[in-house]
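A.B. asks: Test case, fold it:
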Amino acid sequence: MTAKGHQLAFLRPRLSARYRFSQGTFTGTSNERDAPIPAIRGSAIEPTGSALAVIRAALIVLADNNVGEPWDSGYDRVGRAVERGSQVSPAPNSTLEASEQIIADLRRERDEALAREAALAEVLQVINSSPGDLAPVFDAIVEKAMRLCEANHGYLFTYDGDCFHAAAIRGEPRFVEWQWQLGPFQPAANAPLGRIRRGEPLVHIVDLREEDVFRTVPEIRQMAEMSGGRSILAVALRRDEALLGAMGVYRQEVRPFTDKQIALLQNFAAQAVIAMENARLLTETREALEQQTATAEVLGVINSSPGDLAPVFDAILGKALSLCEAAHGHLTVYQDGHFHCAAAQGDPRFVGWFRRRPPYGPGPGTTMEKIVQGASVVQVADATDTEAYRPSGSNLTLGTRV
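C.D. replies: Numbers count the residues shown, from 1 in each chain. Prediction:
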């Protein structure tokens, strides 16, 4: 083995643990210490670690030991094509420049990775410091996604099974204001959010203005003109198979997002789902505790008022209004085919009117008729939009709708 071969064999066990060699330039492996090395070129070394000193040493060795010597392959040490057996002219400066470029690339990738990890950690801190409050979490996620993805605008929408609702919007003030004023919306089927609603995990559009959706959907064209959006990336927020929302970023230039940026946005989406799930569990726990507390308080009223139903009915109705976030409520007793007022709470005008109301029978098509017929629960989305309530409307003047 030549002196050059010994030097390379010395370096190989150090390099093999930190590098891979592409384009067939190394035929040996870390276990083949004495295998022949038919070709080595500095441009083919792809670092997979942070051993910068080893990179510099390897490239300098190659530069010092191969000046003016024939190579057995068709490339020189800096990646230039040469004929077999030809003399390679000295180019130590080029080799060192290549090593410096590799070092600079490694440092840039390291800094980008650290920035991504720091951003994800900061979002987790916001989640921990804002239990149940999603607004600051969503805002932090969108801000960091825009910064690390080098985007001009960003958004996060929640989805209720029918419409998307804006939860966080960032970017130019004019676009942000327009997006908030848009309100809940159902996207077109071929729009980015429409595609996500149909099941796509992510939508990456290199140039929105070159897509059919830009020409065929007025809302998308208006959004593009308002934001200047060209390259778009949107990802779904899902828990299992359920769609919870979507988030995305826009660029005002035609520049595709990198694989790392796509993966980063997906990580942010996963954090948003975690925050939503935490908020849901906290809400359910709080509601369960409130219901248990209300039930215990009602039982306390029952025990303290034996035979007196008025305070019991008032307590039950008051707890029901509070837990159901309702404006008005009443409790009636059904006797001899008529309903009698037992308790009423809410707006004083409603309470006074309901208490003065004489016993009444269930009208055709009313909720009371359905109760008498056996329904245990009846819910009306909008009382003003039913035939049963339109004729009289006396209680609807107080603003009752549900």
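
A.B. asks: which stretches of this protein have low pLDDT?
C.D. replies: 1-94, 108, 114, 116-129, 388-402 (pLDDT under 70).

A.B. asks: Please repeat the previous calculation with a cut-off of 50.
C.D. replies: Residue ranges of the chain with pLDDT under 50: 1-51, 57, 59-91, 393-402.

A.B. asks: Need the nearest residue in space to residue 291, chain neighbours excluded.
C.D. replies: Nearest residue to residue 291, sequence neighbours excluded (CB to CB, 6 or more residues apart in numbering): residue 323, at 6.4 Å. Any C-beta I mention is one placed from the backbone N, CA and C, and that applies to glycine too.

A.B. asks: how near is residue 349 to residue 194?
C.D. replies: According to CB to CB, to the nearest Å, residue 349 stands 46 Å off from residue 194.

A.B. asks: Of all the residues in stretch 157-164, which ones are buried?
C.D. replies: 157-159, 164 (16 or more other CB atoms under 10 Å).

A.B. asks: neighbour count winner among residue 349 and residue 194?
C.D. replies: Neighbour count, other CB atoms under 10 Å: between residue 349 and residue 194, residue 194 has more, with 18 against 13.

A.B. asks: rewinding a little: residue 285: which of the buried residues of stretch 157-164 is nearest?
C.D. replies: residue 158 (20.5 Å; CB to CB).

A.B. asks: Mind jotting down where the strands sit in the stretch 251-400 of the chain?
C.D. replies: Assigned by DSSP state E, counting those that start in this stretch, the strands in the stretch 251-400 of the chain fall at 329-335, 338-345.

A.B. asks: Tabulate those (TSV), appending mean neighbour count.
C.D. replies: Shown next, in TSV, are the strands of the stretch 251-400 of the chain (neighbours: other CB atoms under 10 Å):
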stretch	mean neighbour count
strand 329-335	16
strand 338-345	18
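
A.B. asks: Please identify which of these is closest to residue 100.
C.D. replies: Residue 100 sits nearest to strand 329-335 of all these, at 75.8 Å, using CB to CB.

A.B. asks: quick one, that closest one and strand 338-345 angle?
C.D. replies: Angle, strand 329-335 to strand 338-345, by axes from the mean of the first three to the mean of the last three CA atoms, to 10 degrees: 160 degrees.

A.B. asks: Could you check how far residue 205 is from residue 215?
C.D. replies: The spacing between residue 205 and residue 215, counted by CB to CB, is 13 Å.

A.B. asks: OK, contacts around the nearest residue to residue 256 once chain neighbours are set aside?
C.D. replies: Leaving aside its sequence neighbours, residue 256 sits nearest to residue 206 (CB to CB, 6+ apart; 5.0 Å). Residue 206 is in contact with 231, 254, 256, counting by CB atoms under 8 Å, 6 or more residues apart in numbering.

A.B. asks: go on, residue 355?
C.D. replies: Going by CB under 8 Å, 6+ apart, residue 355 touches 341, 344.

A.B. asks: would TSV of the strands of the stretch 251-400 of the chain with distance to residue 315 be doable?
C.D. replies: Converted to TSV, the strands of the stretch 251-400 of the chain look like this (distance: least, CB to CB, whole Å):
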stretch	distance to residue 315
strand 329-335	10
strand 338-345	9
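
A.B. asks: mind checking which of those strands is nearest residue 110?
C.D. replies: strand 329-335 (62.0 Å).

A.B. asks: who's in contact with that closest one?
C.D. replies: For strand 329-335, the surrounding residues in contact (CB under 8 Å, 6+ apart) are 313, 316-317, 320-321, 339-346, 354, 359, 372.

A.B. asks: circling back to that earlier point, neighbour count for residue 205 and residue 215, which is higher?
C.D. replies: Shown here are residue 205 and residue 215; by other CB under 10 Å, residue 205 has more neighbours (22 against 11).

A.B. asks: Skipping its backbone neighbours, what lies nearest the more buried one in space?
C.D. replies: The nearest residue in space to residue 205 (CB to CB, 6+ apart) is residue 232, at 4.4 Å.

A.B. asks: Give the buried residues for stretch 293-302.
C.D. replies: For stretch 293-302, burial by neighbour count (16+ other CB under 10 Å) applies to 294, 298, 301.

A.B. asks: if I pick the second one, what's in contact with it?
C.D. replies: When you say that, I think you mean residue 298. Counting by CB under 8 Å, 6+ apart, residue 298 makes contact with 312, 315-316, 319.

A.B. asks: try 10 Å
C.D. replies: Counting by CB atoms under 10 Å, 6 or more residues apart in numbering, residue 298 touches 312-313, 315-316, 318-320.

A.B. asks: Reformat those residues as JSON lines; add neighbour count.
C.D. replies: Formatted as JSON lines, the contacts of residue 298 follow (neighbours: other CB under 10 Å):
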{"residue": "312", "neighbour count": "21"}
{"residue": "313", "neighbour count": "20"}
{"residue": "315", "neighbour count": "19"}
{"residue": "316", "neighbour count": "21"}
{"residue": "318", "neighbour count": "16"}
{"residue": "319", "neighbour count": "18"}
{"residue": "320", "neighbour count": "15"}
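
A.B. asks: Would you tell me which one of those residues comes nearest to residue 180?
C.D. replies: Closest to residue 180 out of the contacts of residue 298 is residue 320 (34.1 Å), distances taken as CB to CB.

A.B. asks: Quick check: the gap between that closest one and residue 328.
C.D. replies: Distance of residue 320 to residue 328, given as CB to CB: 11 Å.

A.B. asks: go on, residue 142?
C.D. replies: Separation of residue 142 from residue 328 (CB to CB) stands at 39 Å.

A.B. asks: do residue 208 as well
C.D. replies: Distance from residue 208 to residue 328, by CB to CB: 48 Å.

A.B. asks: swap in residue 235?
C.D. replies: For residue 235, the distance to residue 328 - CB to CB - is 43 Å.
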